[in-house]
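Q: The sequence isn't on hand, but the structure is:
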């Protein structure tokens, strides 16, 4: 039920605000922005949710500060560190691919901008995780591996740019 409230809020935001804004800009922009929105919703699901039902309890637990020693789990052989590293990289590959597409291939879609925005998203998640949920921790390794995933996703964007732009051009002509 806790997750339902968050997903309902996300669905309402999409239906009554974002969809209306994007649908007038063409099917290509609607498709890319909708994919990015769905992707970001899943990122929220795996990293922060439930959010809305947790808000009244944000101050009811101690805030654990971020672990600032990169790859300490790897160095000390703790837990399932390789799984966490791989999942963090995989999680942000779509961001690195979709962010430049959502920027409509403008100057805002540069590699440095994409990586910076991926960094900000990851840092935001890591700062909010222990605040929203007292059982979650944050780690600088997650930020580093998320940024690596965003960089890899941007590489896929560059490689598949001709194909994706043909698809988007096709969608644009369907208007």
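A: Sure thing, it's come through. Remember, predicted model here, so these are calculated numbers, not experimental data.

Q: counting contacts, what elements does the longest helix along the chain pack onto?
A: In the chain, with assignment by DSSP state H, the single longest helix is helix 140-173. On a contact count with 3 or more Cβ pairs under 8 Å, 6 or more residues apart in numbering; DSSP states H and E, helix 140-173 meets helix 27-47, helix 72-76, helix 81-102, helix 111-132. In this view, the C-beta of every residue, glycine as well, is placed from N, C-alpha and C.

Q: mean pLDDT for those: which is lowest?
A: When the helices and strands packed on helix 140-173 are compared by mean pLDDT, helix 72-76 comes last with a mean of 88.

Q: thinking again about what came up before, of the helices and strands packed on helix 140-173, flag the one that's most buried.
A: Mean neighbour count (mean count of other Cβ atoms under 10 Å) peaks for helix 81-102 among the helices and strands packed on helix 140-173, with a mean of 19.

Q: Work out the gap between stretch 95-106 and the centre of the chain.
A: On the basis of Cα atoms, centre = their mean, to the nearest Å, stretch 95-106 sits 13 Å off its chain's mean C-alpha point.

Q: what does that stretch contact?
A: The contact list for stretch 95-106 (Cβ atoms under 8 Å, 6 or more residues apart in numbering) reads 29, 32-33, 35-36, 39, 43, 109, 113-115, 117-118, 121, 149-157, 160, 164-165, 168.

Q: Equivalent analysis for stretch 140-157, please.
A: By Cβ under 8 Å, 6+ apart, stretch 140-157 touches 66-74, 84-85, 88-101, 111, 114-115, 117-119, 121-123, 125-126, 164.

Q: Figure out how far that stretch is from the centre of its chain.
A: Relative to the chain's own centre, stretch 140-157 is displaced by 11 Å; criterion: Cα atoms, centre = their mean.

Q: I'd like the mean pLDDT over that stretch, please.
A: Mean predicted confidence for stretch 140-157 is 97.
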